[in-house]
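Engineer: Have a look at this prediction, sequence included:
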Amino acid sequence: MLGQKVVLDKFLWVLLAAFLMYSLMSALALLFLSLFRLNIRTYFSCLSMNNTGNTGLAICALAFGHAGVLYGVAFVVVGMVFFFVVAPGVTSGCWSAEKILFSPAIYSVIFSIVALIFNISLPKPVMFPLNILGGMAIPLILPTLGHSLAQIKLSDTRIGLIFAFGHVILGGGVALILTNLFNFSGSMRGVLILQSLMPCAVSTYLWISIYRPQDSARVSGIIFLSTFMSIFILPLALTFWIQ
């Protein structure tokens, strides 16, 4: 976020929309899992968290250029907060204020938002290493993705398809609600729809591998099938819903 130039009021509106998206996804995921008596600790994260980062930003950039990246970042910021605050608490079954307070991701988000609002520019000797560290995000997530794919079993395909379709339905419903609520247009509306339809976040596998390792194969199957389905869903959304 550092060094970006945005129209602040628009960015804050998108930030609010992103917060509501994740809040609605989380609430609907809990409702769905409770109704069907499914394990909330196992399936909550992959059902409620979208891959708004390495996949979402790339698709938003492809569709809307620089504006797509700027508005897409708002969803990444909110997603990080939910990922480091909400997801581990639900997956582990207990909340730890200490882990939240000592999470560097939370402070990086706060600092970035403050720097963006007050147009703070860091000196080049500071920005250069930060750019290098930021560029490591996607390469670091790829081994996680590869490891999760290696855990998939054929027996997990059925449950994976159910949750992959459920994730798409939840995301599409939330996108429909929020586009009517905020009445966004242009790239703001397009980014909201795209980020709502993103597949399950690969990073949710990290919490599962730590707190629910016995369910890691099932969750990896859900992530894989959700990502595979997005190959067909996102072009359809771009053609018939966004354009």
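Structural biologist: Structure's in. What do you need?

Engineer: ok, longest helix in this structure?
Structural biologist: Looking across the chain with DSSP state H, the single longest helix is helix 56-92.

Engineer: just how off-centre is it within its chain?
Structural biologist: Offset of helix 56-92 from its chain centre (CA atoms, centre = their mean, to the nearest Å): 5 Å.

Engineer: residue ranges with poor pLDDT in the protein?
Structural biologist: Applying pLDDT under 70 to the chain flags the ranges 1-6, 137-138, 141, 144-145, 148, 151, 154-155.

Engineer: Would you map the helices across it?
Structural biologist: For the chain, the helices defined by DSSP H cover 8-35, 40-48, 56-92, 97-101, 104-117, 124-135, 137-150, 157-182, 186-196, 204-211, 216-237.

Engineer: can I get those helices in CSV with distance to Q243?
Structural biologist: All C-beta spots, glycine's among them, are computed from the backbone N, C-alpha and C. Listed next are those as CSV, based on distance: least, CB to CB, whole Å:
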stretch, distance to Q243
helix 8-35, 20
helix 40-48, 28
helix 56-92, 9
helix 97-101, 40
helix 104-117, 29
helix 124-135, 31
helix 137-150, 27
helix 157-182, 14
helix 186-196, 8
helix 204-211, 30
helix 216-237, 9
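
Engineer: Dump the ones you listed into a markdown table; add mean neighbour count as well.
Structural biologist: Shown next, in a markdown table, are the helices of the chain (neighbours: other CB atoms under 10 Å):
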| stretch | mean neighbour count |
| --- | --- |
| helix 8-35 | 18 |
| helix 40-48 | 24 |
| helix 56-92 | 21 |
| helix 97-101 | 11 |
| helix 104-117 | 14 |
| helix 124-135 | 10 |
| helix 137-150 | 13 |
| helix 157-182 | 18 |
| helix 186-196 | 24 |
| helix 204-211 | 20 |
| helix 216-237 | 20 |
